[in-house]
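Participant: just the structure for this:
(one chain, ligands or ions: 2)
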Amino acid sequence: MKSTGKKQQSMGSPFFIQMAVHDLRGPLTAILNGLDLSLQTEYPLEPEETSRILRLCLDSGNALMRQIDSLLDIAQIENNSLLLHPQQVDPRTLIDNAYRTLANTFIEKNIRLDMRYEEPLPPFQADAEIMRRVFVNMLDNALRFSGRGAAILVEARAEVGGEGRRMLALSVTDNGPGIPEDQRATVFDAYRRLEQTEQAPGARRGMGLGLTFCKLAVEAHQGRITVEDAGGGMSGARFVVRLPIEPSSS
Ligand SMILES: Nc1ncnc2c1ncn2[C@@H]1O[C@H](COP(=O)(O)OP(=O)(O)O)[C@@H](O)[C@H]1O
Ligand SMILES: [Mg+2]
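Facilitator: Ligands and ions are numbered 1, 2, ... in the order given. Next comes the predicted model:
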């Protein structure tokens, strides 16, 4: 696997470890408080209220799992020990699987996922599970920065890249605040969270590792991830992943 760690800050420093552990406490605290509230007997809750609290606990548990996965994966990619298991991946199945992971949040926030697939859309060689997590991270960000009732757009098409290489371009576009131009180069750095992006009210704060994982994972597949203005009548950010359809022969 290609080495990708050149510009990344090392995650092994005591400062980063302290920050990571601190950030993991957020969703864990939410889970413990929720369980505490649903088990207490002093103020009996309606069953619907208990279900709602438990669903929030489940969301927080899933978020916590994603944060831990990102931390472990980034550490593995950084020391070149992440093993990829490449297989034929159908882009539509990939997006469906990522959507399914987050379906709860799409439904809760009443957000629609629009899909625009340009034929022919060939399968590509990739680690399906790692790629699913890349798109879960991108969709999770799009969801967090989208208001209720908004739409998120996923586009996929085959392209010819540099040196005539066949590539697959997959993008996620939202109607959120977007990424200011001067921050687009650093938004993929570890622990980067933009101060000026207004999150949707009530949205949980992330660790700033999701896009770091996406970048390292895409680069491990000899691909690239970039961010641009949404365009096409949408107001937010568009994250584009370009992946080779066939592995390189070298
Ligand atoms: N779709 C988006 N719209 C606006 N800002 C975004 C979007 N995706 C990411 N960002 C900004 O980039 C930062 C880093 O994203 P990420 O690495 O996924 O970390 P996290 O989601 O844990 O905050 C976010 O905190 C946010 O400031
Ligand atoms: Mg994120």
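
Participant: wasn't Arg242 part of a strand?
Facilitator: Yes - membership of Arg242 in a strand is supported by DSSP: H, G, I helix; E, B strand; the rest coil.

Participant: could you check the pLDDT of it?
Facilitator: With respect to pLDDT, Arg242 scores 97.

Participant: surely it meets Ala169?
Facilitator: Yes - Arg242 sits in contact with Ala169 when judged by C-beta atoms under 8 Å, with a separation of 5.1 Å. (C-beta placed from N, C-alpha, C; glycine too.)

Participant: need the overlap of contacts for the two.
Facilitator: Residues touching both Arg242 and Ala169 (C-beta atoms under 8 Å, 6 or more residues apart in numbering): Glu159.

Participant: most centrally placed residue in the chain?
Facilitator: The residue lying closest to the centre of the chain (C-alpha atoms, centre = their mean) is Asn137, at 0.7 Å.

Participant: what sits against the one residue in the chain that gets nearest to ligand 1?
Facilitator: With C-beta to the nearest ligand atom, the shortest gap between the chain and ligand 1 falls at Gly206, namely 2.0 Å. Counting by C-beta under 8 Å, 6+ apart, Gly206 makes contact with Gln67, Asn141, Arg144, Arg193.

Participant: and those residues, which are buried?
Facilitator: Neighbour counting by 16 or more other C-beta atoms under 10 Å classes Gln67, Asn141, Arg144 among the contacts of Gly206 as buried.

Participant: which of these lies closest to Val154?
Facilitator: Within the buried ones among the contacts of Gly206, proximity to Val154 (C-beta to C-beta) peaks at Asn141, which comes in at 13.1 Å.

Participant: which is the next helix or strand following the one helix or strand the closest one maps to?
Facilitator: Following DSSP states H and E, one finds Asn141 within helix 128-144. In the C-terminal direction, the helix or strand that comes right after helix 128-144 (DSSP H and E) is strand 151-160.
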